[in-house]
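> what's the 3D shape of this:
(chains A and B)
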Number of protein chains: 2
Amino acid sequence: MIIGIPVYDQVDMFDVTGPFDIFDWAGFDIDLLAAEREPKRFRSKGFTYEVTRSFADARNYDAIWVPGGEPDAIAAIIDDPKRTYLDFLVAQASRVSWVCSVCDGAMLLAAAGLLDGYRATTHWEFVKCFEERFPKVIAAEGRPRFVLDRNRLTGAGISSGLDEALMLVKLLCGTAAAEEVQRAIQYYPDPPVNGTLPSDAPACPLPARRA
Amino acid sequence: MIIGIPVYDQVDMFDVTGPFDIFDWAGFDIDLLAAEREPKRFRSKGFTYEVTRSFADARNYDAIWVPGGEPDAIAAIIDDPKRTYLDFLVAQASRVSWVCSVCDGAMLLAAAGLLDGYRATTHWEFVKCFEERFPKVIAAEGRPRFVLDRNRLTGAGISSGLDEALMLVKLLCGTAAAEEVQRAIQYYPDPPVNGTLPSDAPACPLPARRA
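A predicted model of the protein is given here:
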């Protein structure tokens, strides 16, 4: 199996690396892709890392995995008049078996039109963006860790990428393979705090589209 | 707060990046440290990334966080006649408030003598290494996500670093701060598979010490 992860500057580290490690333990190959093979930097105080393949050299992927990141960075990709990143997603979506996003990476799939008519989820702070900005997307009720609708798999905020990546391993290779990864990474989580989420989703925090 | 993460080639990606992202969301500074400021590569099919600071330029840390990795890489650090990495840990342990490891990173703390007389845990496959290789370490019963004994905080396998890193945020900044991070990363995990661990720990998988 080969997974393609299109990255960008100010992508969230965990959205990329948690799932990457899960795919690696599953024995998959993983490409970090960008328009150019230049180093990128993770969000906030994150470090720089290599892009392993350019969009032009993309391989045939079993799934693409669209990570979330800084809202300004997401808005810049959506507003890019060249549509470099969005067009890459559109081209890949017609080739791969599974089209996935995690966190506010769903905004990129939505902006590319790839969630129109699909049930989907995103980080809890971005759920209203579907209604406000991408009304053809059907926001899933509640706060599921991930939502599977036909071949679209969308995850909630950041850490939900772990549950979702294990689900993708299960979809691609079966339950036993996903359980093997669960054992390898000892994924029997038990958070030491019990903070609750606000009951209402806030207004869409994505910067407004430029004219 | 500042956290120091001493890395090495073939370190596990998740052991470094999951906790790094949690510390970043908590508003901490984080240094990736190594003897030399040369790029390192994550374990298995992982990518290369920058080391942000050399051991010689280490700052005053509130905690050091020792990640696990490839057993051969761990063994090479333990066998290093110059003890570069282990001596860095020993020097830091006398300065920082919290001395932490995750996964088989506990082997490095143990080899440095920093867990002698302490209760500790590690990846489930490495628990027997305490008895077989570092008998002064008291292996915690069961399979806790992490163990806190005085100022030593040791985590179980890979993904337990998330629970453990949240615990470190709680220790450094209190419960409300840790809950804020939990909300930001939407950490309400719910694995889609239920694989169980073998009831018995295997023999220590760490390569034998060279003469």
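
> could you show me where the strands are in chain A, in order?
A:2-6, A:29-34, A:40-41, A:48-49, A:53-54, A:63-66, A:98-101, A:119-120, A:138-139, A:146-149, A:152-155 (DSSP state E).

> quick one: mean pLDDT for stretch A:83-90?
When pLDDT is averaged over stretch A:83-90, the result is 98.

> then stretch A:46-61?
For stretch A:46-61, mean pLDDT is 96.

> list of residues touching it?
Stretch A:46-61 has contacts (CB atoms under 8 Å, 6 or more residues apart in numbering or on different chains) with A:2-4, A:6-7, A:13, A:31-42, A:84, A:88, A:92, A:95-96, B:20-21, B:24, B:32, B:47-50, B:52. Quick note: C-beta positions are derived from backbone N, CA and C, even for glycine.

> out of the residues you listed, which are buried?
Those of those that meet the buried threshold are A:3-4, A:6-7, A:13, A:31-35, A:40-42, A:88, A:92, A:96, B:20-21, B:24, B:32, B:47, B:49-50, B:52, by 16 or more other CB atoms under 10 Å in any protein chain shown.

> quick check: bridge partners of A:P6?
Beta-bridge partners recorded for A:P6 (DSSP bridges): A:L33.

> what about the residue lying closest to A:E132 once chain neighbours are set aside, neighbour count?
Leaving aside its sequence neighbours, A:E132 sits nearest to A:C204 (CB to CB, 6 or more residues apart in numbering or on different chains; 4.5 Å). Per other CB atoms under 10 Å in any protein chain shown, the neighbour tally for A:C204 reads 19.

> next: the one 5 residues further on.
The burial count assigned to A:R209 is 10, neighbours taken as other CB under 10 Å.

> so how far is chain B from A:L32?
Distance check for A:L32 against chain B: by CB to the nearest CB, to the nearest Å, it reads 6 Å.

> what about chain A, any weak spots by pLDDT?
Scanning chain A with the threshold set as pLDDT under 70 gives A:211.

> helices of that one, residue ranges please.
Taking DSSP state H to define them, one finds helices in chain A at A:13-25, A:71-79, A:84-93, A:106-111, A:127-133, A:160-173, A:175-184.

> output the contacting helices and strands for the longest one.
In terms of contacts (3 or more CB pairs under 8 Å, 6 or more residues apart in numbering or on different chains; DSSP states H and E), helix A:160-173 is packed against helix A:13-25, strand A:63-66, strand A:98-101, strand A:146-149, strand A:152-155, helix A:175-184.

> the ones you listed: which one's closest to B:A156?
Proximity to B:A156, assessed across the helices and strands packed on helix A:160-173 by CB to CB, is greatest for helix A:175-184 (11.8 Å).

> make TSV from the strands of chain A and add distance to A:P192 to it.
Output for these, formatted as TSV (distance: least, CB to CB, whole Å):
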stretch	distance to A:P192
strand A:2-6	30
strand A:29-34	30
strand A:40-41	30
strand A:48-49	29
strand A:53-54	38
strand A:63-66	28
strand A:98-101	29
strand A:119-120	31
strand A:138-139	31
strand A:146-149	24
strand A:152-155	23
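
> ok, which of the ones you listed comes nearest B:I74?
Set against B:I74 and scored by CB to CB, these come closest in strand A:48-49, at 22.6 Å.

> backbone dihedrals for the residue lying closest to A:E38 once chain neighbours are set aside, please?
Nearest residue to A:E38, sequence neighbours excluded (CB to CB, 6+ apart): A:V51, at 6.4 Å. Torsion angles at A:V51 (phi, psi; degrees, to the nearest 10) stand at phi -90, psi 130.

> I'd like to know how many residues surround A:V51.
Neighbours of A:V51 using other CB under 10 Å come to 21.

> same thing with A:D87?
When neighbours are defined as other CB under 10 Å, A:D87 has 13 of them.

> against chain B, how distant is it?
From A:D87 to chain B the distance is 24 Å (CB to the nearest CB).

> good, we can wrap up now.
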